[in-house]
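1. Mind folding the following:
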Amino acid sequence: MEDVLEQVTGWSGYTMSLYEIRKPNIDFTPSMYTCRRAEQKLELDGRVNKPFWSAADWTKPFVNIEGPEASKPAKQTRVKMLWDDEHFYFAAELEEDQIWATMTERESPLFLENNFEIFIDPDGDTHNYYELEINALNTIWDLMLTKPYRDGGVRISAWDIQGLKTAVYIDGEVNKPDATNRMWSVEVAIPWISLLECAPGRRLPVSGEYWRVNYCRIRWEAEHKNGVYEKSLNPETGEFYPEDISVWSPHGLINMHYPDMWGYVVFAESNESEWTQLPVVEQMKWDLRRLYYLQHKQFKRFGSFAHDLEMLMHLSDEKWSIVPQMQSTERMFEISAPIPGSSSRLYLRDDGRVWKE
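-> Down below sits the predicted model:
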């Protein structure tokens, strides 16, 4: 899903000044998933009940992007994942009694209709990540983003997933309002070679490593007129009703381009146990991210970043797991913290990138 500002201004890139960088309004409890090695070869047809997927668990059902305490999604969505030495595999099942789509050209703005979206940040630095959107007609939009729009990022729609395979299965009929519809499902196989540009060490993941991933489902309220579906208009405003946005890992606000809130997918062999514990270094990254949000709140209020790190930390009632240091000017900052039991440090700078060295 593209940001609302992007829809209004024609998909151009944005500088930080056009965005309010808001802290998510939920606790940091990202979803986790153990992605096991595939045991068979996948023949894509969009069906997700075949033996290939029996080795994978379903994710929990999607929740409102603003969090589980917000309104429940209108329809259930869930996902499976597998991997092997050639591909990263995805299966999605989307319950639906109104299955419709009109866009058939690649790189169309699919988020303006019902769709399913995949987001992948291989190294978890929140910069240089991938997005794939697909609709019920198996039309795709694949793109790369240099960094989140909030941090001045731009999208590269000319980037394509070379060797991408997708398939859609319809349990019902597309664009037939009188049809008996139950759901539509999606299968995706992404070759690793298309993801390695932003992957750690530019290589395949190994068992025990994890990537940041999230999924989004866009569903618009629709009605049928003259035998076709049309998005419903609010008679009081003359505008479309807001879309229903459900996700695997909630963000606490309506914006998919918050990679720091995406879930964790750990790659495992077929017989390895489920991964449930968030690594200590990831909690440390979140504490650095909290300082990032506080700094940008400071910048919005006073027009400059804070120089006093202790004062900044006292602005939060939450506990801290890090002992940070900061270098800052009025327009830039870099915060770091030592990783316990290691000679390495974590770093985060004003444009949101986080890394270890």
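
2. And stretch 229-237, what's buried?
-> By neighbour count on 16 or more other C-beta atoms under 10 Å, the buried set for stretch 229-237 is 229, 231. Every residue, glycine included, has its C-beta placed from N, CA and C.

3. contacting residues for the residue of the chain most remote from its centre?
-> In the chain, counting by C-alpha atoms, centre = their mean, residue 226 sits farthest out from the average C-alpha position, at 36.3 Å. Counting by C-beta atoms under 8 Å, 6 or more residues apart in numbering, residue 226 touches no other residue.

4. what does residue 253 give?
-> Here residue 253 is in contact with 22, 24, 25, 65, 66 (criterion: C-beta under 8 Å, 6+ apart).

5. Flag the shaky bits of the protein, pLDDT-wise.
-> Scanning the chain for pLDDT under 70 picks out 1-19.

6. at 50 what do you get?
-> Filtered on pLDDT under 50, the chain yields the residue ranges 2-17.

7. Quick check: phi and psi on residue 110?
-> phi -60, psi -20 (degrees, to the nearest 10).

8. count of residues packed around it?
-> A total of 24 residues lie near residue 110 under the criterion other C-beta atoms under 10 Å.

9. The stretch 201-350 of the chain: strands as residue ranges?
-> Along the stretch 201-350 of the chain, counting by DSSP state E, counting those that start in this stretch, strands occupy 210-219, 222-225, 228-231, 244-247, 263-268, 325-328, 333-338, 345-349.

10. want to throw those into TSV with distance to residue 179?
-> Converted to TSV, the strands of the stretch 201-350 of the chain look like this (distance: least, C-beta to C-beta, whole Å):
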stretch	distance to residue 179
strand 210-219	17
strand 222-225	11
strand 228-231	11
strand 244-247	21
strand 263-268	34
strand 325-328	59
strand 333-338	55
strand 345-349	50
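
11. between the ones you listed, which gets nearest to residue 134?
-> strand 210-219 (10.8 Å; C-beta to C-beta).

12. before we move on, the earlier item: top of the contacts of residue 253 by neighbour count?
-> residue 65 leads the contacts of residue 253 on contacts (other C-beta under 10 Å) with 25 neighbours.

13. From residue 229, how far off is residue 81?
-> Separation of residue 81 from residue 229 (C-beta to C-beta, to the nearest Å) stands at 30 Å.

14. Likewise for residue 243?
-> Look at residue 243 and residue 229: by C-beta to C-beta, they are 14 Å apart.

15. And for residue 308?
-> 56 Å.

16. which residues in the stretch 51-200 of the chain form strands?
-> So, for the stretch 51-200 of the chain - with DSSP E, counting those that start in this stretch - the strands run 63-64, 77-83, 87-95, 115-121, 129-134, 140-145, 155-156, 165-171, 183-191.

17. According to the record, where do the domains of the protein fall?
-> Per automatic domain parsing, the structural domains of the chain span 4-268, 280-356.

18. highest average neighbour count across those?
-> Of the domains of the chain, the one with the most neighbours on average (mean count of other C-beta atoms under 10 Å) is domain 4-268, at a mean of 18.
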